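Peer 1: Pasting the sequence and the predicted model now:
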Amino acid sequence: MAIDLSKKNAQEIIDAAQELVAGTPSDSRQLSKYRIRAILNGGADGIRALLGNQMDTSDADLLPAPNLLQSGIDRLAQKISGVPQVRVDVANNNDSSRAKNRAEKIERIVTAYDEKQRLNLQLAQAARWLPGYGYCAWVITYKRDKNGFVYPCAELRDPYDTYPGNFGADQQPQELAILRNIPRWKLAQIYPEYSNTILKPQTDNPNQQTMPLYAFGDNTGGGDWEDNTGQGVDIIEYYDITGTYVVYPETRELFDYIPNGLSTVPFVFMKRFSFDELKGQYDHTIGLMAMMAKINIMSAIAMEDAVFTETNISGELESGQYRKGRFAINYLSPGTQVSKPANNIPYQLFQQVDRLERQLRLVGGYPVTDDAQSPTSIATGAGLAELNSSMSLMINEYREIIKVGVAEMDAKRLELDELISMETGMDSKPIAGYYNGTAFSENYKPSTDIGGDHRTRRIYGVMAGFDEPQKIVTGLQLLQAGVIDTETLQDNIDGLENIVKVQERIRKNKAETVLFESVLARSAQGDPASTMAVVAIYENPNAMTEILKQFYTPEEPQMSPEEQALIQQQQLAQQLPQQPPSIADAFGLT
């Protein structure tokens, strides 16, 4: 079946967006996303999502309900976030320097892309959305820097307002609808030619109604990042193989259309693995979280009731009225019995909270070790490693999703960069950034340096999932065993910048140590020059490099007295005025 590549009109875009937004799968998915967003954002909406809309949330922040989903998603995001390293492989084992330099040039180009769009911050946010909502999406576009150069860029979109199309057999959607809520003045700045339409609300015809696009709840509420005032206007971004469409549904006008020059759709879609429906990491834990919140509140009430429980007195009171509270004294007749009813309900509730917490951690993949708690009192060493194995497998699965998605993003950005170069005529553009821990700044030509090679490979470091102490211990063990080299260990330690400079300092320190020990050894043998060098270093230790350089610089060889006399005669002969040759000398008769 042929794909329709013709340009769509505004009504077709609205109909397509309505189909993606208002379908039954989207309706069910949006309900889950609404609950997850409310719980993770906390506050009154989170309490309503857990305990029902009838709950009085005037003092929601004071309720003793721990938000384990929030801490769990933060711990998980801290493990799976981070930009994977880019690698461009040389095809067919071509070990020529030209092929290697070209591959490294593409790696630096992609690294510059990442830095310009701040991919590290985007992935930190996506690491929370991907487990929370079950998916996230980037749209491929371009941006212009302050010098007028145009570069490809991938923009992260909020999954809450993102609606993918049919996934198909390859589990990748071919269309994407994004509902954005933007302030009117900002939208008028983006599209000044439509400013009169945007800044004037459509109130002339009260019977005209805008087609409802939102599948559940109030999508334009305070949770929207682009318009936290709740007074913005809705626009539709629609992406498919034909291009990018921006539609203003209030007047059903097509504000913008950007044809797609890529060979694939102009967006990247990442989703977590599930059975046969888009599901987040914590969709199945909402009921447990609600029950845990209820029991925590009931436990607090039961504890208060246990403190202020009634007092039973069997006997006669001799001091008049019975007094309560601190420092109260009551006089009772002999044989009187005073007791409080025993109530063990609070302790039973505490045990039930522990059971619910274990169930919630098991279902949500949130082990206690993430909170620096030991799972048992006897597991140590390899035992703890075995207990963490399931969590490591889950992290590796998320990282595989991110690696494949970012590699697809690289291919689309490289392809778009070539198209931009052809359309704008910008044959050469500057790039700058950090590559292998070293800063670089150079120019590149997309048509020749990229040259249709859009394949990249993203990898995480061998110790990317370890904490810092574990990285150092494991790295030193691997280094001692010869499995990795020093530079690989340095690449995997956070905080080491400009590794090339660090390597130069290490080699310089090693050389200075060897040379200084040699000077000390020669000084111990009675060499006067070495002793003088040691004394000079003692007096001025900061100048040790210059002193060693002067000590090991070879001296000029001494000339013998005969050689000095010969040189002096030659210099004297050059200084004396020379007489013109005689006729006999000129004809060689002498």
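Peer 2: Nice, I can see it.

Peer 1: Just give me the neighbour total for D145.
Peer 2: A total of 11 residues lie near D145 under the criterion other C-beta atoms under 10 Å. Bear in mind the C-beta positions are built from the backbone N, C-alpha and C, glycine included.

Peer 1: My error: substitute G335 in the last question.
Peer 2: One way to gauge burial is a neighbour count; for G335, by other C-beta under 10 Å, it gives 8.

Peer 1: From P341, how far off is it?
Peer 2: The span separating G335 from P341 equals 21 Å under the rule C-beta to C-beta, to the nearest Å.

Peer 1: Equivalent analysis for M291, please.
Peer 2: Spatial separation of M291 from P341 under the definition C-beta to C-beta is 27 Å.

Peer 1: Looking at those two, which is more packed in?
Peer 2: Legend: neighbour count by other C-beta under 10 Å for M291 and P341, higher for M291 (16 against 9).

Peer 1: Same question for the more buried one, what's its three-state structure.
Peer 2: Of the three states, M291 takes helix according to DSSP: H, G, I helix; E, B strand; the rest coil.

Peer 1: Heading C-terminal from the longest helix anywhere in the chain, find the next helix or strand.
Peer 2: Within the chain, and with DSSP state H defining each element, the longest helix by residue count is helix 389-424. Proceeding C-terminally, helix 389-424 gives way to strand 429-435 as the next helix or strand, assigned by DSSP states H and E.

Peer 1: Pull the contacting residues for G132.
Peer 2: For G132, the set of contacting residues under the criterion of C-beta atoms under 8 Å, 6 or more residues apart in numbering consists of I36, R37, L40, I73, G280, Q281, Y282.

Peer 1: ok, now which ones touch the third one?
Peer 2: For L40, the contacting residues are G46, N67, L69, Q70, I73, G132, by C-beta under 8 Å, 6+ apart.

Peer 1: The last one too?
Peer 2: When contacts are counted by C-beta under 8 Å, 6+ apart, Y282 touches I36, L69, G72, I73, P131, G132, M289, G364.

Peer 1: hang on, the fifth one packs against S274?
Peer 2: Yep, that's P131 we're talking about. No. P131 is not in contact with S274 according to C-beta atoms under 8 Å; the separation is 11.5 Å.

Peer 1: okay, these two: which has more neighbours?
Peer 2: Residue environment comparison for P131 versus S274 gives the larger neighbour count to P131, 23 against 13, counting by other C-beta under 10 Å.

Peer 1: so the more buried one, which of the three states?
Peer 2: Put simply, P131 is helix when judged by three-state DSSP.

Peer 1: hmm, back to that, from the contacts of G132, which single one is nearest S319?
Peer 2: When these are ranked by distance to S319 (C-beta to C-beta), L40 comes first, at 57.1 Å.

Peer 1: Pull out the buried positions in the helix or strand where that closest one lies.
Peer 2: Using DSSP H and E, the secondary-structure element containing L40 is helix 24-41. Of the residues in helix 24-41, those with enough neighbours to count as buried (16 or more other C-beta atoms under 10 Å) are S26, R29, Q30, S32, K33, Y34, R35, I36, R37, A38, I39, L40.

Peer 1: For those residues, give me TSV that also has pLDDT and distance to N312.
Peer 2: Compiled in TSV, these are given as follows (pLDDT from 0 to 100; distance: C-beta to C-beta, whole Å):
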residue	pLDDT	distance to N312
S26	71	61
R29	81	57
Q30	81	56
S32	83	51
K33	85	54
Y34	85	50
R35	85	46
I36	85	49
R37	86	50
A38	83	46
I39	83	44
L40	82	47
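
Peer 1: Low-confidence ranges, the stretch 1-150 of the chain, go.
Peer 2: Applying pLDDT under 70 to the predicted model, the residue ranges of the stretch 1-150 of the chain that meet it are 1-5, 23-25, 54-63.
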